[in-house]
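Q: pasting a predicted model and its sequence here:
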Amino acid sequence: VLLLERNAAFGGAATTYQRGTLTIEASLHETTHPATPGGDPKREVFDALDLYDDIKLTPVDDFQEIRCALIGEPFVLPHGFDAVEADLTERFPHQRKNIRAFLRQVRRSLQLGAFRSPDHGLFWRAAHAAELPLDLWAILRDIRSSLSDVFERFFGDDEAIKFALAGNLPYFTDDPDDVWWLAYVFVQGGYLQSGGYYIKGGSQSLSDRLAEIIREAGGETLTSAPATGIELGPTGEVTGARYRENGGAEQVANAPLVFANAAPHVIEGLLPNGNRDEFMAPFRDRPLSISLLSATIGVNRRPAEFGFSSYSTVLIPDWMTKFSDFKSATDLLGDMPGERMPVMCVVDYSHIDSGLAEGGVFPVNIVCADRLENWQALSDEDYRQRKDAWLGAIVRRLDAEWPGIADAVVESSIATARSMERHLNTPGGAIYGFALSRPEEYPKGPPQTFETTIEGLWLSSAYAGGGGFTGAISAGAGAVQAVLRAQRS
């Protein structure tokens with residue numbers, strides 16, 4: 001195996017880096033545990049590579065705290081369906097029946113996946129066989145629904161409970177009218193069911209360990225070595241890849257298989273001109289996911305001293321009174337800061353044993369949904385000024401929520417959708433691959449595409465299926481399994 005990485009460190013979004021004394025996590029706030037009962041897409045990789053001893057997963061106590069004027073006092077969304085139902089019912093007693101029915105819908109949708117889990121044997125499947133039609137109906141009923149469609153059916157115009165259940169929507173999208181309901185179920189539902197975890201020491205530790213395993217098996221891993229082309233044989237099959245290491249002369253690595261952990265839009269440029277249109281045809285018209293603005297501040301006192309009470313807190317601005325206002329929040333970044341602020345998802349890494357809060361500087365990360373269009377037309381100077389202005393506005397918003405924290409900031413950093421496009425080499429700064437939009441027609445299966453029109457070229461990035469850590473890791477595993485099936489046939 002030869003692993004080529006264009007950046008100076010492995011991992012792409014799964015990295016940590018330093019800004020002075022501040023350790024910055026590039027992307028990860030939390031993920032589900034690979035050994036989650038009922039099956040987790042990362043499990044296949046963790047089991048095959050025996051990663052459990054190498055990668056310490058620190059549990060997060062509660063899922064998230066939502067601060068929203070419509071809800072009233074801050075609302076903490078816990079882990080575990082029974083706890084979620086109890087706490088939601090206590091805050092929204094008039095929605096008791098609807099809360100129970102909604103969570104039953106989520107549970108049944110997740111349960112269908114449990115039938116494929118290695119955790120459950122023949123006797124478990126037999127005992128739960130009577131539930132299978134109901135689980136299947138939960139999937140089929142809303143297989144073409146958006147998140148807004150389902151929320152409307154259960155909760156009508158009660159906007160407050162929608163914010164309580166999905167205030168962290170900017171992690172996925174900024175358009176609840178477009179995002180696929182089943183994407184919400186399998187991502188958000190997994191957290192509600194079994195809780196979230198953070199990779200101690202940062203996501204870089206996972207990326208470095210995966211690269212190390214390749215070397216231990218006799219492979220080679222290169223950083224600062226971008227691919228410059230994909231070599232094809234006389235009948236159009238893959239024969240290798242070209243690359244440059246540290247800006248040196250172009251080299252060729254002969255190989256019968258290329259797993260491309262990149263966007264199809266990038267891979268297209270690595271192919272000979274005559275093969276590009278056919279390769280890109282399945283991908284060209286698919287909409288891209290949201291991007292993110294990510295700011296990290298380092299403070300010289302623990303955030304708990306300023307009143308931080310949760311690992312993850314979502315700040316919903318007072319001007320947002322409808323769940324559909326999320327998209328307007330993203331548009332705010334297309335101008336200098338004003339009176340209105342976007343939705344902010346805030347994480348205090350010192351709240352758990354993250355391994356990041358060392359040396360007396362405590363990192364707090366803030367993300368907002370973003371789009372490249374907000375920044376791409378700016379000159380370098382105008383871009384810098386607006387970026388700095390938004391960093392200042394974010395710190396002031398935090399200080400309004402947790403007085404005194406602004407004076408404790410000793411380091412800070414901010415990245416926009418424009419930064420994401422440059423660092424991750426992803427079109428539009430998209431960080432989750434393709435948008436998980438509700439399908440216009442009934443899907444024939446999960447939205448996964450590993451095989452390409454080029455023999456021997458396989459898509460193994462977030463663009464092969466779902467985004468995020470779980471989606472990207474499962475895409476790699478899925479691409480390998482697809483190759484093995486092709487070789488057997």
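A: Thanks, I have the structure now.
Q: now do the buried residues in stretch 447-457.
A: Under the neighbour-count criterion of 16 or more other C-beta atoms under 10 Å, stretch 447-457 has 447-452, 454, 456-457 buried. Yep, even glycine has a C-beta here, placed from its N, CA and C like the rest.
Q: before we move on, what about stretch 57-77?
A: Buried-residue list, stretch 57-77, by 16+ other C-beta under 10 Å: 57-58, 60, 62-68, 70-71, 75-77.
Q: so which residues of the stretch 151-300 of the chain form strands?
A: Using DSSP state E, counting those that start in this stretch, the strands of the stretch 151-300 of the chain run over residues 197-199, 220-222, 227-232, 238-244, 250-254, 258-260, 291-299.
Q: so for Ala160, which of those strands sits nearest?
A: Nearest to Ala160, of all the strands of the stretch 151-300 of the chain, is strand 291-299, at 25.2 Å by C-beta to C-beta.
Q: strand partners (parallel or antiparallel) of the closest one?
A: strand 362-370 (antiparallel), strand 409-415 (antiparallel) (DSSP bridges).
Q: which of the strands of the stretch 151-300 of the chain sits closest to Ser109?
A: strand 197-199 (21.9 Å).
Q: for the closest one, packing partners?
A: Packing contacts for strand 197-199, counted by 3 or more C-beta pairs under 8 Å, 6 or more residues apart in numbering; DSSP states H and E, involve strand 57-59.
Q: residues in contact with the helix or strand that comes right after the strand it packs on?
A: Using DSSP states H and E, the helix or strand that directly follows strand 57-59 along the chain is strand 64-67. When contacts are defined by C-beta atoms under 8 Å, 6 or more residues apart in numbering, strand 64-67 is touched by residues 74-77, 163-164, 167-168, 309-316, 401.
Q: give the other helices and strands that the helix or strand following strand 64-67 contacts.
A: The helix or strand immediately downstream of strand 64-67 is strand 75-77, counting by DSSP H and E. The contact analysis (3+ C-beta pairs under 8 Å, 6+ apart) places strand 75-77 against strand 64-67, helix 81-91, helix 159-166.
Q: mean confidence (pLDDT) on strand 75-77, please.
A: Across strand 75-77, pLDDT averages out at 97.
Q: next one: stretch 371-390
A: pLDDT averaged over stretch 371-390 gives 97.
Q: of all the residues in it, which ones are buried?
A: Residues of stretch 371-390 classed as buried by neighbour count (16+ other C-beta under 10 Å): 371-372, 374-375, 378, 383, 386-387, 390.
Q: among those residues, which are located in helices?
A: 383, 386-387, 390 (DSSP state H).
Q: tell me the spacing between Asp157 and Thr321.
A: Asp157 sits at a distance of 11 Å from Thr321 (criterion: C-beta to C-beta, to the nearest Å).
Q: between the two, who's got more neighbours?
A: Thr321 (14 against 8; other C-beta atoms under 10 Å).
Q: on the pLDDT front, check the more buried one for me.
A: So Thr321 comes in at 96 (pLDDT).
Q: which residues are in contact with it?
A: 70, 159.
Q: now it: how far from Glu159?
A: 7 Å.
Q: shared neighbours, those two?
A: Leu70.
Q: ok, back up a step: between the strands paired with strand 291-299, which one is closest to Gly338.
A: Closest among the strands paired with strand 291-299, using C-beta to C-beta: strand 362-370, at 14.4 Å.
Q: of the strands of the stretch 151-300 of the chain, flag the one that's most buried.
A: strand 291-299 (a mean of 26; mean count of other C-beta atoms under 10 Å).
Q: after that one comes which helix or strand?
A: strand 312-315.
Q: which residues touch the helix or strand just after that next one?
A: Following strand 312-315 in sequence order, the next helix or strand is helix 326-331 (DSSP H and E). Helix 326-331 is contacted from outside by 169-170, 173-176, 290, 317, 320, 342-343, 368-371, 374, using C-beta under 8 Å, 6+ apart.
Q: now the end-to-end length of stretch 63-71.
A: Stretch 63-71 has an end-to-end distance of 17 Å (C-alpha to C-alpha, to the nearest Å).
Q: same check, this time on stretch 220-235
A: 28 Å.
Q: now do that stretch, average pLDDT.
A: 97.
Q: for stretch 143-162, same thing?
A: Per-residue pLDDT over stretch 143-162 has a mean of 95.
Q: which residues make contact with it from outside it?
A: Contacts of stretch 143-162 (C-beta under 8 Å, 6+ apart): 68, 70-71, 88, 92, 95, 98-99, 101-102, 105, 142, 165-166, 169, 176-182, 184, 321-324, 438-443.
Q: let's see that with 7 Å instead.
A: The contact list for stretch 143-162 (C-beta atoms under 7 Å, 6 or more residues apart in numbering) reads 70-71, 92, 95, 98, 101-102, 142, 166, 176-182, 184, 321-324, 438-439, 442-443.
Q: now do stretch 366-382: distance to the chain's middle.
A: A distance of 20 Å separates the centroid of the chain from that of stretch 366-382, by C-alpha atoms, centre = their mean, to the nearest Å.
Q: give me the distance between the two termini of it.
A: End-to-end distance of stretch 366-382 (C-alpha to C-alpha): 22 Å.
Q: contacts for that stretch?
A: Residues contacting stretch 366-382 (C-beta under 7 Å, 6+ apart): 170, 174, 290-295, 329-330, 333-334, 342-346, 383, 386, 394, 416-418, 421, 428-429.
Q: hmm, try it at 6 Å
A: 170, 174, 290-295, 330, 333-334, 342, 344-346, 394, 416-418, 421, 428-429 (C-beta atoms under 6 Å, 6 or more residues apart in numbering).
Q: quick one: buried ones out of those residues?
A: Using 16+ other C-beta under 10 Å as the burial test, these include 170, 174, 290-295, 330, 333, 342, 344-346, 394, 416-418, 421, 428-429 as buried.
Q: out of the contacts of stretch 143-162, which end up buried?
A: For the contacts of stretch 143-162, a burial check counting by 16+ other C-beta under 10 Å picks out 70-71, 92, 95, 98, 102, 142, 166, 176-182, 184, 323, 438.
Q: want to try CSV for the buried residues of stretch 371-390, with distance to Gly20 as columns?
A: Putting the buried residues of stretch 371-390 into CSV (distance: C-beta to C-beta, whole Å) gives the following:
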residue, distance to Gly20
Arg371, 29
Leu372, 28
Asn374, 27
Trp375, 25
Leu378, 26
Tyr383, 22
Arg386, 23
Lys387, 18
Trp390, 20
